[in-house]
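Quick one, fold the following:
(one chain, ligands or ions: 1)
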Amino acid sequence: MKLTAEKLKDLTIRSAHEALMKGDFTAVELAEAYLAEIEKKNPELNAYLEVFADVIDQAKEADRKIAEAKKEGKESELDILIGIPMAIKDNILIKGRIASSASKMLENYTATYSATVIEKLKAKGVVFLGRTNMDEFAMGGSTENSAYGITKNPHDPTCVPGGSSGGSATAVGGNMCLAALGSDTGGSIRQPSAFCGTVGLKPTYGSVSRYGVMAMASSLDQIGPIAKTVEDAEIIYDAIRGFDRYDSTSYDLPEIPASAKSFGEARKIKIGVPESFLNQGGIDEVVLKNFRETLAKLEKAGCEIKTVEMPNLHYSLATYYITVFSEVSANMARFDGVRYGSHLEGKDLLEDYMKTRGEKLGREVRRRIMLGTYVLSAGYYDAYYNKATQVRELIRRDYAKAFDEVDIVATPVAPSSAYPIGKNTNDPLQMYLEDIFTVPINMAGVPGMAVPTRLGSSELRRGEAGNTDHLPLSIQIVAPWRRDDILFTLGKIIESCRA
Ligand code: GLN
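Down below sits the predicted model:
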């Protein structure tokens, strides 16, 4: 089978796996087809910071294993991910390769070990295509904060792809890989997924090991998949989750009883909508209309929609940013120009620190370090950090209470669809406000997923003065703690309603 660009668009992990097993194409041919797409599109879209030089060697190794299994009649024992080409966000370590977190601070930093998620995917035979662009150290929501140029939206290069995992979302949405990994501290998987028309999962906090992902705000960070379909996201999630002795916050999810797993068919899924919170989000008309239409379709499909009261959600944004600034200022202290990455020489040690951090860290990173240092300083600690920690508990309880009544809480992912490049770059507060619907989920530690409700045009179209018809739209669904499985059940129903 000739793998044309058109063919790549229809490919999912399952269909690619079946084709590899049938011998319709080889892992090398699949990798070559993606490399050709990257060569064509990446100069403009800048999704990849680096395409690995050994992609074909990795694919050959997958082909060798497939051929061997076929010879022994053991194809069924092969993992579904063998030979599947994936892209990896630049803050996830792969041993022997550069991991820069899109920062000048780490421009020449080579990882000395691999993240647990990478070890797991590698053991399954995944082909790593390259590392993707992001907001520096994952701080941002548009991928405009990268030290290596902005990434552009695969549907419209005059718009942002969202962030901070914008490179991964553009790579998946632009058919430059079959799936990708991102990280999500306050929306960085879900919001770029919504902007690029991909499925993005922020798993339950602790269900995926954070070992080997560069820490931004450790109590909020999670790694998760960005994929073309809900099933693909589920396949990757199943491959990367589980307890890891190198991450003390990680654990194995409990076995979900089969009756609960199939509850999409067994009983109606109850979906709660926090109406009074939605009213505060400053949502665009198109986004709200699409959200309501999606709920109506889900109701028709058998779900029950009801309003839930979650009075503390409107504190999420303020408490999230206080928490993030605090944890960022602590986590970033390790980049002192001595132990990791870049080093600039001053007249003494203090000047070394000041020069290195002043010149090698970008504006947004420096802003957060300063605000976090202020928030944590004696005299302010109680007023800000401790207060935010208390309110965080109230947010968590809002979810716990809502989930006594409903199975899922739904909102839009973001107040707007992808917006023009440059719109918020000089207004950090406006940039933060765009995160209103994604951050509460991280604060509560519960799982959330962005599922496209409108895919956007398949060809590249350029800024059409106010018209956003060609851009994707999504719904965000949130499940109780450790019930990521319900997201997959409902996510598939949403996909079938979209068709
Ligand atoms: N946009 C949010 C922020 O800037 C989320 C970032 C993230 O999830 N890494 O903090």
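
all helices in the stretch 1-150 of the chain, in order from the N-terminus.
In the stretch 1-150 of the chain, the helices defined using DSSP state H, counting those that start in this stretch lie at 5-10, 13-22, 27-45, 55-71, 116-123.

List the buried residues in the shortest one.
Neighbour-count burial for helix 5-10, counted by 16 or more other Cβ atoms under 10 Å, picks out 7-8. Just so you know, the C-beta spots here come from the backbone N, C-alpha and C atoms, and that holds for glycine as well.

Check stretch 292-309 too.
294-295, 297-298, 303, 305, 308.

contacting residues around that stretch?
268-276, 402, 405-406, 409-410, 453, 475, 490, 493-494, 496-497 (Cβ atoms under 8 Å, 6 or more residues apart in numbering).

Just the pLDDT at residue 266, thanks.
On the pLDDT scale, residue 266 is placed at 44.

Revised request: answer the last question for residue 132.
Per the predicted model, pLDDT is 98 at residue 132.

Surely it is in contact with residue 172?
No. Using Cβ atoms under 8 Å, residue 132 is not in contact with residue 172, being 9.5 Å away.

shared neighbours, those two?
87, 180.

Let me see the contact set for residue 343.
337, 352, 356.

Quick check: which element contains it?
Counting by DSSP states H and E, there is no helix or strand that carries residue 343.

What of residue 410?
strand 408-412.

as a whole number, average confidence for that strand?
98.

moving C-terminal of it, what's the next helix or strand?
Using DSSP H and E, the first helix or strand after strand 408-412 is helix 428-433.

Give me the distance from that following helix to the chain's centre.
Using Cα atoms, centre = their mean, to the nearest Å, the mean C-alpha position of helix 428-433 is found 19 Å from that of the whole chain.

what comes into contact with that helix?
140-142, 282, 317, 321, 364, 367, 415, 424-425.

Now flag whichever of these is closest to residue 107.
residue 364 (17.3 Å; Cβ to Cβ).

By proximity to the ligand, which residue of the stretch 251-400 of the chain wins?
Residue of the stretch 251-400 of the chain nearest the ligand, by Cβ to the nearest ligand atom: residue 324 (5.3 Å).

Same question for that residue, what's its three-state structure.
helix (DSSP: H, G, I helix; E, B strand; the rest coil).

Would you quantify the distance from the nearest residue to it once chain neighbours are set aside to the ligand?
In this structure, residue 324 finds its nearest non-sequential neighbour in residue 217, 4.7 Å apart by Cβ to Cβ, 6 or more residues apart in numbering. Residue 217 sits at a distance of 8 Å from the ligand (criterion: Cβ to the nearest ligand atom, to the nearest Å).

Would you mind listing what in the stretch 251-400 of the chain touches the ligand?
residue 324 (Cβ under 6 Å from any ligand atom).

mind listing the strands for the stretch 251-400 of the chain?
All strands of the stretch 251-400 of the chain, identified by DSSP state E, counting those that start in this stretch, fall at 270-273, 304-307.

Buried residues of stretch 346-362, list them for me.
352-353, 355-357, 360-362.

Quick one: list the elements packing against the strand or helix carrying residue 449.
Element membership for residue 449, per DSSP H and E: strand 448-454. If you count contacts as 3 or more Cβ pairs under 8 Å, 6 or more residues apart in numbering; DSSP states H and E, strand 448-454 packs onto helix 190-196, strand 199-202, helix 230-240, helix 285-300, strand 473-478, helix 484-498.

ok, the spatially most central residue of the chain - contacts?
What sits nearest the mean C-alpha location of the chain, by Cα atoms, centre = their mean, is residue 189, with 1.9 Å. Applying Cβ under 8 Å, 6+ apart, we find residue 189 in contact with 165, 182-183, 200-202, 224-226, 450.

how near is it to residue 180?
Per Cβ to Cβ, to the nearest Å, residue 189 is found 9 Å from residue 180.
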